[in-house]
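>>> with the input below, show me the fold.
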Amino acid sequence: PAVLFFLKLTELLQWYAVTFRDPMMLQPPAWFKAFVYCEVFLQLPFFPIAAYAFLKGGCRWIRTPAIIYSTHVATTLFAILAHILFHDFSASEHLGPRTQRERLMLLSVYVPYLLIPLLILFTMLYSPQYNQVEKRKRK
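Got it, this is the predicted structure:
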């Protein structure tokens, strides 16, 4: 069962890479691998903590970790999006986007991963729920 599951995941990855012409998934550059490690060791542990804080509501302590998370993810996505837009994929072993339409199609896969962290960042910076400074009482 586990081997079959692994084979199905591999088939899904192959289908995705061919359909969306994303060679970074099959032959990731070193910088992309570094982003994946950051995702596994920094971002994934943040998800259950953030889910708890957002579902519970009123947890102002999530503000700083959420700002760190969202700026980190946005920064990595800017590099990925620039790579998709400007890299010459003709030398790639696996098929990359060749036309502007194919580049935009691949961008459409990655852009939500930028938009959601930006929404979190703006919420943390501008929402009164997370941005209020508590007033200290005078004695």
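>>> only C-alpha atoms from now on, for both contacts and neighbour counts.
OK.
>>> which secondary structure element contains Ala79?
helix 63-86 (DSSP states H and E).
>>> can you give me the buried ones in that helix?
The neighbour-count criterion (16 or more other Cα atoms under 10 Å) identifies 63, 66-67, 69-74, 76-77, 80-81, 84-85 as the buried residues of helix 63-86.
>>> tilt between the helix or strand following it and helix 63-86?
Using DSSP H and E, the helix or strand that follows helix 63-86 in sequence is helix 100-110. With axes from the mean of the first three to the mean of the last three Cα atoms, to 10 degrees applied, the angle from helix 100-110 to helix 63-86 works out at 170 degrees.
>>> still on that earlier bit, residues in contact with the helix holding Ala79?
32, 35, 43, 46, 50, 97, 103, 106-107, 110-111, 113-114, 117-118, 120-121, 124-125, 130-131 (Cα atoms under 8 Å, 6 or more residues apart in numbering).
>>> ChimeraX command for the buried members of those?
A single ChimeraX command is used to select the members of these judged buried by 16+ other Cα under 10 Å:
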select :32,35,43,46,50,97,103,106,107,110,111,114,117,118,120,121,124,125,130
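>>> so, low pLDDT: which residues of the protein?
133-139 (pLDDT under 70).
>>> and the spatially most central residue of the chain, what does it touch?
For the chain, the residue nearest the mean C-alpha position is Tyr113 (4.2 Å; Cα atoms, centre = their mean). Residues in contact with Tyr113, defined by Cα under 8 Å, 6+ apart, are 73, 77.
>>> can we see that at 7 Å?
By Cα atoms under 7 Å, 6 or more residues apart in numbering, Tyr113 lies in contact with nothing.
>>> give me the distance between Tyr16 and Leu95.
12 Å (Cα to Cα, to the nearest Å).
>>> those two - which one has more neighbours?
Leu95 (18 against 15; other Cα atoms under 10 Å).
>>> one step back: return the distance of the helix or strand where the residue nearest to the centre of the chain lies from the chain's centre.
Secondary structure assignment for Tyr113, by DSSP H and E: helix 112-126. Here helix 112-126 is found 11 Å from its chain centre; the criterion is Cα atoms, centre = their mean, to the nearest Å.
>>> restricting to C-alpha, output that helix in PDB.
The C-alpha trace of helix 112-126 is given here as PDB (Å, rounded to 0.1, in the frame of the first residue of the first chain):
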ATOM      1  CA  PRO A 112      -1.600  32.200  -4.600                       C
ATOM      2  CA  TYR A 113       1.400  31.200  -2.500                       C
ATOM      3  CA  LEU A 114       2.400  34.900  -2.600                       C
ATOM      4  CA  LEU A 115      -1.100  36.400  -2.200                       C
ATOM      5  CA  ILE A 116      -2.100  34.500   1.000                       C
ATOM      6  CA  PRO A 117       1.100  35.500   2.900                       C
ATOM      7  CA  LEU A 118       0.600  39.100   1.800                       C
ATOM      8  CA  LEU A 119      -2.900  39.100   3.100                       C
ATOM      9  CA  ILE A 120      -1.600  37.800   6.400                       C
ATOM     10  CA  LEU A 121       1.000  40.500   6.500                       C
ATOM     11  CA  PHE A 122      -1.400  43.300   5.800                       C
ATOM     12  CA  THR A 123      -3.800  41.900   8.400                       C
ATOM     13  CA  MET A 124      -1.100  41.800  11.000                       C
ATOM     14  CA  LEU A 125       0.100  45.300  10.200                       C
ATOM     15  CA  TYR A 126      -3.200  47.100   9.800                       C
END
